[in-house]
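Visitor: Sequence and predicted structure below; questions after.
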Amino acid sequence: MTSISRRDFLSLAAALGASAAWGRLRPRPSRVRWTERRDLYPEGVASGDPRADSVVLWTRRPGGARPITLTLEVAEDPAFEHVVATARAVAAPEADWTVRVLVGRLTPGRELWYRFCDPTGAGSRVGRTITAPADDDPRALRFAFVSCQDPTIGALNAYRRMIHEDQRAAPDDRLAFVLHLGDFVYEVVNYPEDRPQGYYDRTIRDLVRYPRGQKISDFHVPVDVDDYRSLYRAYLHDPDLQDARARWPFVCMWDNHEFSWHGWQSLQNFGDGNVPAQTRKVAANQAWWEYQPARVATPGKSLDSFRAPRVADAPITRFDEHGLGQERHNLAAVGSLTAYRALRFGRHLDLLITDQHSYRSEEPASRPEADAFTSQEFPQLVPQEALEILDAGRAWDGGRPPASIRSGDREVPNFRRAEPPQTILGAAQKTWFLDRLRRSRATWKVWGNSQGVLDWRADPQNLPAGLTKPWPGAGYAGFGGGDPSTAYVERAEIYDVVARERIAGFACVSGDRHSFWAGTMAKALPPAAFEPVGVAFITGSISAAGMVEAFEHRFPKEHPLRALYLADRPGAPRPDPTVNLLLRHGVRSCLEYAASGDPVRARAQSNRDNAPHLTFVDMGGHGYATVRVSDEAIESEFVCIPRPVTRSEASDGGPLRYRVVHRAERWKPGERPVLTQRVIEGDPGLGA
């Protein structure tokens, strides 16, 4: 840990748009008259991005037309007999009455309590936070990672379970922080009157009403900063989320729904092509900045509020060699908030967090020209060779891309042959990421990536003849594009650096897929050389519906390939998710299970080349995951709960479906990582 002077600390706070509190060396009893009034702080309190000597603290105290000056206290005890820092902060309407305070000169690895108070003595609830351990601290460290929460159609029971278990854990096993990997809010909102049938088996809760909003089909989306703010306020009224933010520091990165469902850079796409939305991108960034206590800087460097750049929704017609739109309003909107960053936690953890949407180029498989590679006969499946050729663009085969791509008996024009390879990170962020990865001296270099990196593919080339039409691909099938698993060129570049520079201890934690996955990272799968360079874990959603739930309600029962996705059992309340077998073992395992119902016989039919990288996949899993890093190993525990349709009033958040731990012993440079699996509790079914 590098010490910082008070002057430099104040400059840092200004760059983050935060007020500042400089810790005192001698604690003293509180001198503030404080009476808890949670009703005046309806979104609670939060802390974020802890370092060994500092942390960002947050609250919201709405008022009338005039700003309110709040007093912050930070103490070593919940009774505030040993206060180590105090500060003044202004809650102003320009920032939607939110307050951010950077508190410095703190002790590493220390549990602390904090509270806010207005001039009348009306106070917030008390929050708890934890500073990061010092850089040379040799102790093991444990954190949770989560994603995809939507209280309008589900319950956030996973947080209640997380709190329950942490309160009962031994001190050394308690969580140091919670990494939130995006979809903290969902900007696509259904109003109950527009979907009286509900959402699958879920009742739509009337939690969000946009002050302005735009209706598209049967859903509504935000159009300005007040719309985006209304999302955060509604979500933070959920008691389980609010309690979690009051218990742990959160480290947050957005995914897509904090801005727009199919958005990239400052473009939106709701099915009618890319629409410039620079004003909405800035509004989304501003609301995120106001409601997330994170160490992210805005160009304005304001102490009091987000200084939004003036932008217009202008067409973006020119892109550079990395797919970044050069229209000046696009650059200003994307640059209004830079959120990729790194945090160090003791000797064993460097956390490198990347932004997967602000700098990415257009996803090739989502373009209308790619529709030729999909069909109703093979739901979800796209020939892998088509995905690879489209991803590489003009770089395919050493700069010799084909003019067309064969699909069955057709030749589909290669619309990407003159374009550069796809990027998700963008040039500047990728340079930063690889540099930090090279320079890290922590035991474990953990990539906090909002999107999953593990391939999902199937082997329809092994379907028995006569079951359906012949598979039009040359071999394996992917499940479409959109995340790093189909950014083949870029991920190869990253993984080649890891291999060439002999970087050991490389791991990735992700969300987005609404499912649990564990496996090893490799740039290619058989029949190409399979050379793992790290381990990866993906957490199930907190509450958002996933693929299995969608299949249960939408997949035609008469479809000849239904058995690859669902197996119907007489008298069972739900079909079995054979898609888990499909992704790990291939089509023959699915067909065997559908015929016999015997998982042992089904796994005996496994195509071992289909997914040698996977050790676990549950496409219907909800809950959260934890990671424990030490000098010896990295472990990830999946805590899966039943489908969270309604809120549990139980103190533990309700029952568990299963608990599974995956472990990789520390490997030496040049060695392959190996994952082992233990089912601790419950039954993961076809996922394990």
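Guide: Here it is on my side, so go on. Residues are numbered from 1 along each chain as shown.
Visitor: Every contact and neighbour count from this point should use C-alpha atoms.
Guide: OK.
Visitor: May I have the phi/psi pair for the residue nearest the centre of the chain?
Guide: By CA atoms, centre = their mean, the chain has its centre lying nearest to L181, at 2.4 Å. Per-residue torsions, L181: phi -100, psi 30 (degrees, to the nearest 10).
Visitor: Number of residues surrounding L561?
Guide: 20 (other CA atoms under 10 Å).
Visitor: I424 contacts P364, correct?
Guide: No. Contact criterion CA atoms under 8 Å: I424 and P364 do not qualify, at 11.4 Å.
Visitor: Common neighbours of these two, please.
Guide: Counting by CA atoms under 8 Å, 6 or more residues apart in numbering, I424 and P364 have no shared contacts at all.
Visitor: how about I153, what does it touch?
Guide: By CA under 8 Å, 6+ apart, the residues touching I153 are Y199, R202, T203, I204, R205, S543, A544, V645.
Visitor: Please name the nearest non-neighbouring residue to the first one.
Guide: It stands for Y199. Nearest residue to Y199, sequence neighbours excluded (CA to CA, 6 or more residues apart in numbering): I153, at 7.1 Å.
Visitor: How much space separates the one you found from P133?
Guide: As judged by CA to CA, to the nearest Å, I153 and P133 stand 38 Å apart.
Visitor: List the beta-bridge partners for A144.
Guide: Beta-bridge partners for A144, by DSSP bridges, are V178, T626.
Visitor: burial measure for it, as a count.
Guide: The burial count assigned to A144 is 22, neighbours taken as other CA under 10 Å.
Visitor: Any buried residues in the lowest-mean-pLDDT helix or strand in the chain, and which?
Guide: In the chain, the helix or strand scored least confidently by mean pLDDT, DSSP states H and E is helix 6-15, which has a mean of 73. By neighbour count on 16 or more other CA atoms under 10 Å, the buried set for helix 6-15 is F9, L10, L12, A13, A14, A15.
Visitor: who touches the nearest residue to P642 once chain neighbours are set aside in this structure?
Guide: Spatial nearest neighbour of P642, chain neighbours left out: R657 (5.8 Å); criterion: CA to CA, 6+ apart. By CA under 8 Å, 6+ apart, R657 lies in contact with C640, I641, P642, G682, D683, P684.
Visitor: ok, and the most crowded of those residues?
Guide: Compared across the contacts of R657, C640 has the highest neighbour count, 30 neighbours, by other CA under 10 Å.
Visitor: a helix runs through that one, doesn't it?
Guide: No. Counting by DSSP: H, G, I helix; E, B strand; the rest coil, C640 falls outside a helix, being strand.
Visitor: so who does it touch?
Guide: Neighbour list for C640: G540, G621, H622, G623, Y624, L656, R657, Y658, R659 [criterion: CA under 8 Å, 6+ apart].
Visitor: Compare those residues and tell me which is most surrounded.
Guide: Among those, G540 has the most neighbours (other CA under 10 Å), with 33 neighbours.
Visitor: ok, for that one, nearest residue in space, not its chain neighbours?
Guide: Per CA to CA, 6+ apart, closest to G540 is S515, 4.0 Å.
Visitor: Work out for me the element the closest residue to L564 other than its chain neighbours sits within.
Guide: Leaving aside its sequence neighbours, L564 sits nearest to C590 (CA to CA, 6+ apart; 5.3 Å). Following DSSP states H and E, one finds C590 within helix 587-596.
Visitor: what residue ranges in the protein score low on pLDDT?
Guide: Counting by pLDDT under 70, the chain shows low-confidence ranges at 1-3, 15-17, 300-304.
Visitor: Could I get the full set of helices for it?
Guide: Secondary structure of the chain (DSSP state H): helices at 6-15, 157-168, 225-236, 239-247, 278-291, 328-334, 384-392, 396-399, 427-439, 488-500, 547-554, 579-585, 587-596, 599-604.
Visitor: just the CA coordinates of the first one, formatted as PDB?
Guide: To tie it back to what came earlier, the one meant is helix 6-15. C-alpha atoms of helix 6-15 as PDB (Å, rounded to 0.1, in the frame of the first residue of the first chain):
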ATOM      1  CA  ARG A   6      -3.700  14.800   2.900                       C
ATOM      2  CA  ARG A   7      -3.300  17.200  -0.100                       C
ATOM      3  CA  ASP A   8      -3.200  14.400  -2.600                       C
ATOM      4  CA  PHE A   9      -6.100  12.700  -0.900                       C
ATOM      5  CA  LEU A  10      -8.200  15.900  -1.300                       C
ATOM      6  CA  SER A  11      -7.300  16.100  -4.900                       C
ATOM      7  CA  LEU A  12      -8.300  12.500  -5.400                       C
ATOM      8  CA  ALA A  13     -11.700  13.100  -3.800                       C
ATOM      9  CA  ALA A  14     -12.300  16.100  -6.100                       C
ATOM     10  CA  ALA A  15     -11.400  13.900  -9.200                       C
END
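Visitor: what does stretch 416-434 contact?
Guide: 321-324, 340, 352, 354-357, 359-364, 390-395, 401-403, 483-484, 487, 489-490, 494, 497.
Visitor: If we use 6 Å, what do you get?
Guide: Q356, Y359, R360, S361, L390, D391, A392, G393, R394, P401 (CA atoms under 6 Å, 6 or more residues apart in numbering).
Visitor: Let me see the backbone angles for the residue nearest to P642.
Guide: Dihedral pair for R657: phi -90, psi -50, per degrees, to the nearest 10.
Visitor: just D201 next, same as before
Guide: Here is the backbone geometry of D201 (degrees, to the nearest 10): phi -90, psi 10.
Visitor: What of L207?
Guide: Main-chain torsions, L207, degrees, to the nearest 10: phi -100, psi -30.
Visitor: related to what we said a few turns ago, can you lay out the buried residues of helix 6-15 as a markdown table showing distance to S30?
Guide: Shown next, in a markdown table, are the buried residues of helix 6-15 (distance: CA to CA, whole Å):
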| residue | distance to S30 |
| --- | --- |
| F9 | 24 |
| L10 | 24 |
| L12 | 27 |
| A13 | 24 |
| A14 | 26 |
| A15 | 29 |
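Visitor: Using PDB, list the CA coordinates for stretch 208-216.
Guide: C-alpha atoms of stretch 208-216 as PDB (Å, rounded to 0.1, in the frame of the first residue of the first chain):
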ATOM      1  CA  VAL A 208     -41.200   1.600 -11.500                       C
ATOM      2  CA  ARG A 209     -43.100   4.300 -13.300                       C
ATOM      3  CA  TYR A 210     -41.000   6.600 -15.500                       C
ATOM      4  CA  PRO A 211     -41.700  10.300 -15.200                       C
ATOM      5  CA  ARG A 212     -41.400  10.500 -19.000                       C
ATOM      6  CA  GLY A 213     -40.300   7.200 -20.600                       C
ATOM      7  CA  GLN A 214     -40.900   5.800 -24.000                       C
ATOM      8  CA  LYS A 215     -43.200   2.800 -24.700                       C
ATOM      9  CA  ILE A 216     -41.900   0.200 -27.200                       C
END
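Visitor: in it, what's buried?
Guide: V208, R209, Y210, G213.
Visitor: can you pull out the strands in the stretch 251-400 of the chain?
Guide: Under the criterion DSSP state E, counting those that start in this stretch, strands of the stretch 251-400 of the chain are mapped to 267-268, 275-276, 341-345, 349-354, 382-383.
Visitor: now these in a markdown table, with mean neighbour count and distance to P673?
Guide: Listed next are the strands of the stretch 251-400 of the chain as a markdown table, based on neighbours: other CA atoms under 10 Å; distance: least, CA to CA, whole Å:
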| stretch | mean neighbour count | distance to P673 |
| --- | --- | --- |
| strand 267-268 | 22 | 39 |
| strand 275-276 | 19 | 43 |
| strand 341-345 | 20 | 22 |
| strand 349-354 | 24 | 17 |
| strand 382-383 | 26 | 29 |
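Visitor: Turn those strands into JSON lines, including distance to E290.
Guide: Below are those laid out as JSON lines (distance: least, CA to CA, whole Å):
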{"stretch": "strand 267-268", "distance to E290": "22"}
{"stretch": "strand 275-276", "distance to E290": "24"}
{"stretch": "strand 341-345", "distance to E290": "18"}
{"stretch": "strand 349-354", "distance to E290": "19"}
{"stretch": "strand 382-383", "distance to E290": "40"}
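Visitor: before we move on, the earlier item: which one among the buried residues of stretch 208-216 gets closest to V509?
Guide: For the buried residues of stretch 208-216, the minimum distance to V509 (CA to CA) is 30.0 Å, reached by V208.
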